[in-house]
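Chemist: Based on what follows, work out the 3D shape:
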Amino acid sequence: MKLFGKNIHRAWVILAGMCVLQLSTGLVINCRGVFMTPVSRGLSIGFATLSGAYLLGSCSSVLTAIFFVAPAFRRFDARKLMGAAALLQVGEMILYATARSPFQFYIAGVLDGFSGQFLRTYPLQVILRNWFRKKRGFAVGIAIAFAGIYGTVGNIVLNEIITAFGWRAGYLAIGAVFLVGMFPAAAFLLRLSPEDVGLAPYGEDGTASAPEGLSGPDAGQAIRSVVPWLLFLACFLDTFLYGFSGYISSLAISRDLGSRIGALATSLCMVGNTLSKVIIGSLYDRFGRRGAALFCFPCVVAGNLLMRLEAGVFLCSGAFLFGISSGISAVLLPLILSELVGVRAYPALISYMSASMNIGVSAGGLAMGRIIDRLGAGAGYTLAMDLCLAFILLTLLSVRLSVLFQKRRS
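Modeler: A predicted model of the protein is given here:
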């Protein structure tokens, strides 16, 4: 197809659409923090009550990922599924904006867990895998990085809207962005595979390609192997330890470094989070899983060690490196899963990996908070960082074992 007078492969247009679809992650998940204080004050409820709504959303997301997403995409038109999910998310924002009690937040949280699975991990990984044979890692990394970009910009803009017009206006603004941006991309622009429009994936010759999904074992055979379960475990461990990122700002304050250093360190963690998606994907394309792993795992370990030092410069630089851990579960592990289990089983198994992500995120944030609350600032943060260090090493071990078991099978 032609764009600005130049011939480009339609896969890049699909990638642009997937970048737009990351509004769901960027504005709903990455911007939750900006609503916590104003909503709790406005409804006279505690943070724990709001966290309960997000926990229900995570439970809903896990169940949807395991039981509904993959079968739904096999049975129904992907555009209809994603378009309906986008409209449902608009409705959720209206429900948040008109809430008069925590009960409405609980309902909206459950709906977000359900609808988000049709817009986030599964369609991103499966659609981009279908459309890209070359530069697949780069494409996945770029798309996921946009969630971080939306989160960074969204927090700033939404804070201004909430300050000027109130938190209800903030939710309505997100709903408007979803309706104008995300819904058209989901319902009209995206296609599940190039075969649907008579094209070959990017990186393959010909006008149409044989379905790549015929290669490898089916999902039923693959799930009986220990290989995918080791990768699910790795994904859980990595997302669990990333839960510490929510406490970096309070770590700075506990050291008397001030809220500005805390905010800067948190922002740098998000920058590391965002950049890691593109870097890991590009390294995977060029050097394979080993090259990508040699970059990200040492960086996360170094970040953990740097954050233990008292000076603000070490906390900020360590937070930046620690943010790279998000790229492991978001980009590297799904790519390794596809490589080891084969593309035939991948669409079903990526749902299980998505579920492990949601469980890890919820459990990690809760566990880190409990440790810090119970042991106090000094010992609590130290133990939390010790746990993060152990978990990143266990993540690496799980990945390595999955590769070794796959070699033994083949």
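Chemist: could you pull out the helices for the stretch 151-300 of the chain?
Modeler: 167-177, 183-184, 219-223, 226-242, 248-254, 259-306 (DSSP state H, counting those that start in this stretch).
Chemist: Out of the ones you listed, the one nearest Cys31 is which?
Modeler: Comparison of those against Cys31 by Cβ to Cβ identifies helix 167-177 as nearest, at 7.7 Å. From N, CA and C alone the C-beta is placed, and that goes for glycine too.
Chemist: Tell me the buried residues in the closest one?
Modeler: Trp167, Arg168, Gly170, Tyr171, Leu172, Ala173, Ile174, Gly175, Val177 (16 or more other Cβ atoms under 10 Å).
Chemist: contacting residues around that helix?
Modeler: The contact list for helix 167-177 (Cβ atoms under 8 Å, 6 or more residues apart in numbering) reads 23, 27-28, 31, 34-35, 38-39, 42, 89-90, 92-94, 96-98, 154, 157-158, 161-162.
Chemist: which of these count as buried?
Modeler: 23, 27-28, 31, 34-35, 38-39, 89-90, 92-93, 96-97, 154, 157-158, 161-162.
Chemist: what residues go with each domain of this structure?
Modeler: 1-210, 215-410 (automatic domain parsing).
Chemist: Serialize those to a markdown table and add fields for mean pLDDT.
Modeler: Formatted as a markdown table, those follow (pLDDT from 0 to 100):
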| stretch | mean pLDDT |
| --- | --- |
| domain 1-210 | 86 |
| domain 215-410 | 87 |
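Chemist: who's in contact with Val399?
Modeler: Per Cβ under 8 Å, 6+ apart, neighbours of Val399: Leu230, Leu231, Ala234, Arg289, Ala293, Leu333, Ile336.
Chemist: Please identify the helix or strand for it.
Modeler: Using DSSP states H and E, Val399 falls within helix 377-409.
Chemist: now, which of the contacts of helix 167-177 lie within helices?
Modeler: Mapping these onto helices (DSSP state H) picks out 23, 34-35, 38-39, 42, 89-90, 92-94, 96-97, 154, 157-158, 161-162.
Chemist: re the thing from before, Phe118: which of the helices of the stretch 151-300 of the chain is closest?
Modeler: helix 183-184 (12.5 Å).
Chemist: Please report phi then psi for the closest residue to Tyr202 other than its chain neighbours.
Modeler: Closest residue to Tyr202 apart from its sequence neighbours, by Cβ to Cβ, 6 or more residues apart in numbering: Ala11 at 3.7 Å. The phi and psi values for Ala11, taken as degrees, to the nearest 10, are phi -60, psi -30.
Chemist: Just confirm Ala11 contacts Glu204, I think it does.
Modeler: No. Here Ala11 lies out of contact with Glu204, judged by Cβ atoms under 8 Å, at a distance of 10.2 Å.
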